[in-house]
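Colleague: Turn this into a model:
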Amino acid sequence: MRPLLFRQKLKPAYVHNNEQFHYWGHVEDELFISPCGKNDVIGDSEQFTEMHHSGGEKSFEGDIVKFITSAPDVKIGVVAYYAGAPVIHDGKNNWHYSQINCENYELVGNKHENPELYTKILSNNN
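Modeller: Residues are numbered from 1 along each chain as shown. Next up is the predicted model:
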């Protein structure tokens, strides 16, 4: 079962100490933090995928990542869940983390900070 850890993009009025996201769910063994109200956030909650980017950051749904496969090109995709497993979707394919022959998943941004790139990837114009 996936860990119950989520993030929500905060509206600018609710950003404190430059923290752009509210993290909620089971953040420690017995500690459960509640989600923010709909009036405090932008969009839906995004769940932690149990994967980490090469910089050590937790990977959430909606993250935009760059990864290198065994093919000579660099791919950019959006982290999502498909058939119960984390994938990177490049607009055409769902690349399951376990199927990708690469060592690095570099965090490029997310759907909130880079909405144009997010839309471009999903419409397969990259």
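
Colleague: List the pairing partners of the lengthiest strand in the chain within its sheet, with orientation.
Modeller: The longest strand of the chain (DSSP state E) is strand 41-52. Counting by DSSP bridges, the strands paired with strand 41-52 are strand 5-10 (antiparallel), strand 58-60 (antiparallel).

Colleague: Name the residues that touch the first one?
Modeller: The reference is to strand 5-10. 19-27, 35-36, 40-48, 58, 60, 112 (C-beta atoms under 8 Å, 6 or more residues apart in numbering). In short, each C-beta sits where N, CA and C put it, glycine included.

Colleague: Residue 86 is in what secondary structure piece?
Modeller: Using DSSP states H and E, residue 86 falls within strand 85-89.

Colleague: and that strand, what does it pack onto?
Modeller: The helices and strands touching strand 85-89, judged by 3 or more C-beta pairs under 8 Å, 6 or more residues apart in numbering; DSSP states H and E, are strand 41-52, strand 74-82, strand 94-96.
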